[in-house]
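Trainee: Got a predicted model here, sequence first, then my questions.
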Amino acid sequence: MSKEKKNNVQILDTEYAKKQYAKYAQQHRQIIFRRRRLFVIFAVSLVVFVSVGISLFNDYLRLQKLQDVQQETLVKKEEVDQKMTDLNREVALLQDEDYVAKIARDRFLYSLDGELIFPLPGNEAAATTETTSSTEETETTETSE
């Protein structure tokens, strides 16, 4: 057999055949046009969906960061509320003269007239560290404000 096959199909050269070929060519062009139009619509919708998806993802990440910040803020708020409660309690105690006198006698070794103080080695160290820690807390509070 030869490499080329003989073409046994011939085109009719009639008016009807020409109309049918023209009709077929027109249908083929319409199919190609529809395919191109569908491809363009698909490409545009893909771009829109991708951009919306990226926007949603970025918003989700931002929401997660804001929720983390909110949790941290709530924890800090609870700490500050607790500290405020403690400080208000301490202020209320410092309004009492008996309590102030007790603190002065314990921490600073003040005494009443005719009273003798016998500092013990353990109590003296505790009084010194309490005074130092109170002073440090006061300085820290003042610098943070």
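Mentor: That came through, no problem.
Trainee: Identify the single longest helix in the protein, thanks.
Mentor: As assigned by DSSP state H, the longest helix anywhere in the chain is helix 15-94.
Trainee: Show me what the following helix or strand past that one is packed up against.
Mentor: Under the assignment DSSP states H and E, the closest C-terminal helix or strand after helix 15-94 is helix 97-108. Using 3 or more C-beta pairs under 8 Å, 6 or more residues apart in numbering; DSSP states H and E as the contact criterion, the elements in contact with helix 97-108 are helix 121-144. Heads up, the C-betas are built off the backbone N, CA and C, glycines and all.
Trainee: now the longest helix of the chain against helix 97-108, angle please.
Mentor: Helix 15-94 runs at 90 degrees relative to helix 97-108, counting by axes from the mean of the first three to the mean of the last three C-alpha atoms, to 10 degrees.
Trainee: pLDDT of helix 15-94, averaged?
Mentor: In this model, helix 15-94 has a mean pLDDT of 96.
Trainee: any idea whether residue 113 is helix, strand or coil?
Mentor: coil (DSSP: H, G, I helix; E, B strand; the rest coil).
Trainee: Look at it and say how many residues are nearby.
Mentor: Here the number of neighbours of residue 113 (other C-beta atoms under 10 Å) works out to 4.
Trainee: what are the phi and psi angles of it?
Mentor: phi -60, psi 130 (degrees, to the nearest 10).
Trainee: how close does it sit to residue 106?
Mentor: 18 Å (C-beta to C-beta, to the nearest Å).
Trainee: cool, residue 84 as well?
Mentor: Using C-beta to C-beta, residue 84 is found at 25 Å from residue 106.
Trainee: Equivalent analysis for residue 77, please.
Mentor: Counting by C-beta to C-beta, the gap from residue 77 to residue 106 is 33 Å.
Trainee: and if you look at residue 82?
Mentor: 25 Å.
Trainee: chain center to stretch 104-119: distance?
Mentor: 56 Å (C-alpha atoms, centre = their mean, to the nearest Å).
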